[in-house]
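Asks: Got a predicted model here, sequence first, then my questions.
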Amino acid sequence: MIQPNKKISIYTDGSCLGNPGPGGWAALMCYQGKRKMFSGGEIDTTNNRMELMAVISALKLLKEPCEIDLFTDSKYVMDGAQVWMINWKKKNWMRTKKEAVKNVDLWQSLDQEMQAHKINWYWVKGHSGHPENELVDDEARNQAEKISANQ
């Protein structure tokens, strides 16, 4: 059982201009009253990939086991991490005998990053005025627009 030393909150979001298209992700990490935003993006991606990248990137930044309150507006990421991934792993990352899990590279990375932490998942309705969700939404979109402008 993981015995986390720190409790932090993480807010994540992904954005894509077109699907596929230029995309961005953002993660806001909050610990002991301090807040730090991290973000990035890709030239040719999908919204689901950016949603996953936001969570993976945030977890990769943690240097020790933590208890995390993780807020996302992506049911895809939350359901995948809490429900679907269990069966995918049992089936060797296959949805059916002939169909591999989409974004399997990122799901496997997320699975690996989750192992060190105790994560409490919370779904936030997107564009509903939740202050931290609005911040990461704006930053993810800014990253996508920046990448789009540099193409």
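Replies: The structure has been received and is ready for your questions.
Asks: what's the next secondary structure element after the helix or strand hosting Gly40?
Replies: Using DSSP states H and E, Gly40 falls within strand 34-45. Next helix or strand after strand 34-45 toward the C-terminus (DSSP H and E): helix 47-61.
Asks: Between strand 34-45 and that following helix, find me the angle.
Replies: Per axes from the mean of the first three to the mean of the last three CA atoms, to 10 degrees, the angle that helix 47-61 makes with strand 34-45 is 140 degrees.
Asks: In CSV, could you pull the C-alpha coordinates for helix 47-61?
Replies: Coordinates of each C-alpha in helix 47-61 appear next as CSV, following Å, rounded to 0.1, in the frame of the first residue of the first chain:
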residue,chain,number,x,y,z
ASN,A,47,-8.4,16.1,-27.9
ASN,A,48,-8.3,12.7,-26.1
ARG,A,49,-4.5,12.5,-26.4
MET,A,50,-4.1,16.0,-25.0
GLU,A,51,-6.4,15.2,-22.1
LEU,A,52,-4.2,12.1,-21.3
MET,A,53,-1.0,14.1,-21.8
ALA,A,54,-2.1,16.7,-19.2
VAL,A,55,-2.5,14.0,-16.5
ILE,A,56,0.6,12.0,-17.5
SER,A,57,2.8,15.1,-17.6
ALA,A,58,1.6,16.3,-14.2
LEU,A,59,2.2,12.9,-12.6
LYS,A,60,5.7,12.7,-14.2
LEU,A,61,6.7,15.9,-12.3
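Asks: In this structure, which residue is most central in space?
Replies: Residue closest to the mean C-alpha point of the chain, counted by CA atoms, centre = their mean, is Val55 at 2.5 Å.
Asks: Quick check: closest non-adjacent residue to it.
Replies: Among residues not flanking Val55 along the chain, Thr12 sits closest, at 5.1 Å (CB to CB, 6 or more residues apart in numbering). Every residue, glycine included, has its C-beta placed from N, CA and C.
Asks: List phi and psi for the one you found.
Replies: Main-chain torsions, Thr12, degrees, to the nearest 10: phi -130, psi 150.
Asks: For it, which residues count as its bridge partners?
Replies: Ala27, Thr72 (DSSP bridges).
Asks: All set now, cheers.
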